[in-house]
Every structure is written in C-alpha cells, then in structure tokens.
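*Asks:* Just to be clear, the model below is a prediction. Sequence and coordinates:
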Amino acid sequence: MRSDVITKGLERTPHRALLKGAGVPQSEMEKPFIGIATSFTDLIPGHVGMRDLERFIEKGVHTGGGYSFFFGIPGVCDGIAMGHKGMHYSLPTRELIADMVESVAEAHRLDGLVLLTNCDKITPGMLMAAARLNIPSIVVTAGPMLSGRGSDGRRYSFVTDTFEAMARYKAGVIDAKELQVCEENACPGMGSCQGLFTANTMAILTETLGMSLPRCGTALAVSALKRRIAFASGEKIVELVKNQITPRQILTREAFENAIRVDLALGGSSNTVLHLLAIAREAGVELPLETFDILSRETPQIASMNPAGEHFMEDLDVAGGVLGVLKQLGERVKDSQTVLGISTLQMVSGIDKVDESVIRPVDKPVKKEGGIAVLFGNLAPKGAVVKQSGVSDKMMQFTGTARCFNSEEEAMAALMDGKIVAGNVVVIRYEGPKGGPGMREMLAPTAAIMGLGLGDSVALITDGRFSGGTRGPCIGHISPEAAEGGPIALVEEGDQIVLDIPSRKLELLVDEETLKQRQAAWQRPEPKIKSGWLSRYAKVVTSAYTGAITTGD
C-alpha cells in the first residue's frame, strides 16, 4: 500500500510516532489509510449538513476495514459571491481544490480518498484531483435542497425567486411583500439549490461518470438515503483500495460521452462544458469542445428541469434519477466501469420503471436536440456555448444591435436603468478567465433580462460564463476572450450581431478589412486585479475552449 512508506520499517519510526501522536493505534497501522476530503463549511447551504455525512462515511470506512483521516477543503458559494468582487474567486478555486487534495494525499501517502463535496467548483475540483492522482477514490455529493413551499402550494426555487424576482420587483410586476415572501421561501434548508444548476448537474454527471454510487447524484440532502450512501461509500473505498480500482479505469472516453449525453438530455448547466473538459484533461482523455455539439445533435432533451422547466431535483430523484435517464437514452449509452463494481449497462438493465411524466421517452422529447449547443463564427473562432434548452423558439435566430460593456457592473447598471431595449445584444467583455480574471458568472444580468421581460427581445454575449440558473438567449465562453485580443474586443456600439443557434453561428456583421483595422488599433487593457493570487492565476489560465485550466507555461 502507498501508506507503507510512512508506516513500515526502521526508518519510519518518527513517522509512526507522529501518527500515534495523532491518536492512531498500532493495531490500525496495517489497514488502508483513507483520506476523507471534506468541504464542510457554515457558509454554503449545500455544505452545512456535511458533518452528519462525515460520521457515516467514517463509520463505513472502519466497517470496511480501513482507517480514516479527515482533512478540510475550502468552498465558495457562487450565489453569495455573485455580483461583486467575490465572483472573481469562484472558478479559480477549482484549481486550488485540485491542488490541495493532491498535496495532502501525496504528502501523507494516503491509500484512498473519499471526496465529500456538493457545490459548483468544488465537485469538479475534487474530480480533477482524483483523475490526476489516480489512486482509488469515490465521490459523495451531499445532495439537493428541497423546494420551498408557499401557503398556496406554490414551489419556490433559488434563482427564479431571488435574482429574477428582484428584476420583477424593479419592473413593478411584484410588490415588496411578494419579494420578501420569495426571499423567505427560496432556500428552505440545507442542500444544493433545487434546480438543475451547476452543483446538481455536476452531481448527476459524477454519478454518470461512475465515480459515485447509484442515487448519490439525486438523493436529497435531508434524506436517510443520503446517509446510507455515505456509509456505503466509506465501505466501498476500502474495497477499491484492496482491488486497486483507480479513477482512470473509470474515467474513460465512454464515461465522458455518457456524462455529456445525460447533461444534454436534462438541459443542464453550461458550466459543465468547462468542467468536463478540465477533468478529461487530468484523466488523459481527449475531449474536444466540438464533442458536446456532435452529441447534442443526436441526443434529445427528455426532461424539463428548473430553472428553464417545471421539474425539481426531488422530482427527478423519484422518477428514476440518473439510471432512469440512462434507461430512456437506450442504445446511445456506452458501457463503462463504475466504483460500484458493476458496469453502467448492467445497472441500467436492473431498472424496471421510469416516470415518463418527468423523464420522457426519446421519441416524445421536450426538444429534439440536447440542452447545450456550441457556436462558431467570426465572433467566436474557437467556440462559444449556449444553453439552448433555456432559449425560446423566437430567439433561436436573432439579429440585434450591439451595446458594449467592459464589465458586468456596467451592463447591470444599464439594465436596471432601463437603457437596454428590445433589439439589443448586450456585449459583456473582459470577463474571461484572464480578463476577469476568473471568468465570472453573469447570473445577475441574465436574470435581470428575464425579470424585465426582455427574454424574447434581447440577447447577451460574453467571454465570461453563466450560472446553471441562467435561461434565455445568453451566449458565453466566447473564445478567444477579449483580454487576448479576441474578436469580442473589437465589437463597437451599433454593430449588428447575428445569433443563429440552429446553424451554430455567431457572427459580427463587420467586414474583414474593418476588423483588421480595429485589431491593429486594439491595446491590451491594464489588469483589473494586480495583486494577490488572482494576478498569478491570470498569467497561467487558458481559454474557455480548453476548460479554463491552469498550466505551468
């Protein structure tokens, strides 16, 4: 075992002394050392219940014959970080998390890992570490939040009833009392936000990839089932260590294709494009951005999930969960290994019934294509991403007049002051991985567009990215980004922009000679942040089409 390096031999007398100083009995030195990377924090609703799950994982590890060690991993709540300087830090923490897990696991020669996670960048960071280390690992996602309930039976959710409600109040659609009711009911307790936002999408994809046990991706945070999954995961990691089942045996090209298809079938968050690209790179799997679009054209969307649709995570769980989605996708699903020890197709074969009012058959889809589309054109030579499941039919093809802003704050002020009107294309630039830095989510302006009733008449494009809660004609991840001199930096007020999602086009209607002149006159702006670790991050982060990973180059 890896831990033999610190537990066996005369030369390891000091190491054993330190372990005993930490309370490890001599009798446990022969057992697999299992690290439990826990991202518990009081700051995030999705993570406040993890102390309970830690207990059950620990019980499972010891029942399975291992010895467990907790170590902490930080987390940022994207909702709380939204709309101010804090959002610059969200995506970059993904890299920190991967590096921290790697550092602790390697420094202490742990034999296996249980990765306890839930929210947006934390789950992909954990998966990146697992793939990079390639030591036996299993992921436990802490589970979704219940929907809020009003006295009239209405169900509330975080994005619709906070960010969009804020804009509806500004527009006079709702009064202060109703806004307060939304605020009180939007987040009724612990768990990740109730719809198919980034946290829940990544939990579902983690299960699809085979890195967590069945039902883990959808079982509610408040459920006894989640406790049992935590216990079983603790037991299972010891078995994975003994059999030397490692992440790269599970994270294959087939597994990634299955994950992409499930994402497309559910209409999940566009952030998963960044994360799956980054995880695949760590796993040594070639996964070009175009793969998402190729699979989207042949994978129908078969569920209508909040925020763009009607169903919540609690509905998806009882309807059949991840295995129910795979069951409905049928022959599109490829066989792959899982941490359970049973292959994907073997697990799917055991599913008898799926609630087709929630997870539809492929011949009766919500939409004929998957939830994500990848666009190209002279505005996005390296690609751009749109969550087409959240775009109305009217806005699938749109030509509008550019309104240019060099930060999210500038665009948000214009929206709230009524300066954005029907027929505009809001251009938010210098918010990419380098330019932001950190590629901030644009939930506030996108929610404002919807809340102000402009969702069928205004589009938004950015080199930043969007929350999983975003809906409407919002195109992100434009590459190359403005800070690298990408074409989005050359757009001027009044330019005409063409969005054609069915044809996968994003075009700036400016002739090539004019663009060359603008490019020659363009000057790289001063960095927005010049100190701290984000200034270092900006120097090594890559473009969105590669997953916004950091390199040593």
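*Replies:* Sure, I can see it.

*Asks:* In the stretch 101-250 of the chain, mark out all the strands, start to finish.
*Replies:* Under the criterion DSSP state E, counting those that start in this stretch, the stretch 101-250 of the chain carries strands at the ranges 112-117, 137-141, 148-149, 155-156.

*Asks:* just the stretch 451-553 of the chain next, same as before
*Replies:* If DSSP E, counting those that start in this stretch is used as the criterion, the strands of the stretch 451-553 of the chain fall at 459-462, 474-479, 496-500, 505-508.

*Asks:* In JSON lines: the strands of the stretch 101-250 of the chain, plus mean pLDDT, mean neighbour count and distance to Pro473.
*Replies:* The C-beta positions use only the backbone N, C-alpha and C, and glycine is treated the same way. As requested, the strands of the stretch 101-250 of the chain are exported to JSON lines (pLDDT from 0 to 100; neighbours: other C-beta atoms under 10 Å; distance: least, C-beta to C-beta, whole Å):
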{"stretch": "strand 112-117", "mean pLDDT": "98", "mean neighbour count": "29", "distance to Pro473": "32"}
{"stretch": "strand 137-141", "mean pLDDT": "98", "mean neighbour count": "30", "distance to Pro473": "30"}
{"stretch": "strand 148-149", "mean pLDDT": "90", "mean neighbour count": "16", "distance to Pro473": "28"}
{"stretch": "strand 155-156", "mean pLDDT": "92", "mean neighbour count": "20", "distance to Pro473": "25"}
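
*Asks:* Format these as CSV; extra columns: distance to Glu410.
*Replies:* Putting those into CSV (distance: least, C-beta to C-beta, whole Å) gives the following:
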stretch, distance to Glu410
strand 112-117, 34
strand 137-141, 36
strand 148-149, 33
strand 155-156, 31
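
*Asks:* which of the residues in the strand or helix carrying Ile294 are buried?
*Replies:* Taking DSSP states H and E as the definition, Ile294 sits inside helix 290-298. Of the residues in helix 290-298, those with enough neighbours to count as buried (16 or more other C-beta atoms under 10 Å) are Thr291, Phe292, Asp293, Leu295, Ser296.

*Asks:* circling back to that earlier point, to Leu209, which of the strands of the stretch 101-250 of the chain lies closest?
*Replies:* Across these, Leu209 has its closest neighbour in strand 137-141 (8.8 Å, C-beta to C-beta).

*Asks:* what does that closest one contact?
*Replies:* Around strand 137-141, the neighbours that count as contacts under C-beta atoms under 8 Å, 6 or more residues apart in numbering are 53, 57, 112-118, 123, 126-127, 130, 192, 202-203, 206-207, 211-213, 216-217, 229-230, 233, 236-237, 240, 246-247, 339.

*Asks:* Whichever of the residues you listed count as buried, I'd like them selected in PyMOL; how would that read?
*Replies:* Applying 16+ other C-beta under 10 Å to the contacts of strand 137-141 leaves a buried subset, and the PyMOL line that selects it is:
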select buried, resi 53+57+112+113+114+115+116+117+118+123+126+127+130+192+202+203+206+207+211+212+213+216+217+229+230+233+236+237+240+246+247+339
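
*Asks:* And the helices in the stretch 151-300 of the chain, which stretches?
*Replies:* With DSSP state H, counting those that start in this stretch as the definition, the stretch 151-300 of the chain shows helices at residue ranges 163-170, 176-185, 198-209, 224-243, 247-250, 253-266, 271-283, 290-298.
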